[in-house]
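Asks: next one to model:
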Amino acid sequence: MSDIHQLIAKLSPNKKVILVDRDWRVALVWAIGQVHPDLISKLIIINGVPLNSFLKALQNSPQQREQSKYVGGLDGWLSTLMFAVWGSDLIWKGVA
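Replies: Below is the predicted model:
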């Protein structure tokens, strides 16, 4: 989460940003919004839930645990490559 905080500070030092994300990564976006509301003007979440809700579902639902196994198999190489190719445009659609 500190990486995202540093990126926001670098790309938009004087303005709040709009964070947009979808699917399982939204847990990070929700967390940033909760921990750093001073940096975020808006969260746009597509197909995702806050981390605390997701963790509760994982704890209480064997079906959710089974359906979420794929997340553990993901490593950072693809997202790192995509960010290297497309840079900040991949994440930031603009600042507020």
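Asks: where in the protein is pLDDT low?
Replies: Residue ranges of the chain with pLDDT under 70: 1, 24, 70-96.
Asks: ranges for the helices of it?
Replies: Ranges of helices within the chain are 2-11, 26-35, 51-60, 62-67, 69-72, 77-86, based on DSSP state H.
Asks: what's the closest of the ones you listed to Val20?
Replies: helix 26-35 (8.0 Å; C-beta to C-beta). To be clear about C-beta, it is placed using only N, CA and C from the backbone, and glycine gets the same treatment.
Asks: buried sites along that closest one?
Replies: Under the neighbour-count criterion of 16 or more other C-beta atoms under 10 Å, helix 26-35 has Val26, Ala27, Leu28, Val29, Trp30, Ile32, Gly33 buried.
Asks: looking at these, which is nearest Ile8?
Replies: Nearest member of the buried residues of helix 26-35 to Ile8, counting by C-beta to C-beta, is Ile32, at 8.1 Å.
Asks: list the contacts for the closest one?
Replies: Contact analysis of Ile32 by C-beta atoms under 8 Å, 6 or more residues apart in numbering lists Met1, Ile4, His5, Leu19, Leu39, Ile40.
Asks: let's have those residues in TSV, adding neighbour count and distance to Pro50.
Replies: Conversion of these to TSV gives the following (neighbours: other C-beta atoms under 10 Å; distance: C-beta to C-beta, whole Å):
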residue	neighbour count	distance to Pro50
Met1	10	14
Ile4	18	16
His5	13	18
Leu19	23	13
Leu39	17	17
Ile40	18	14
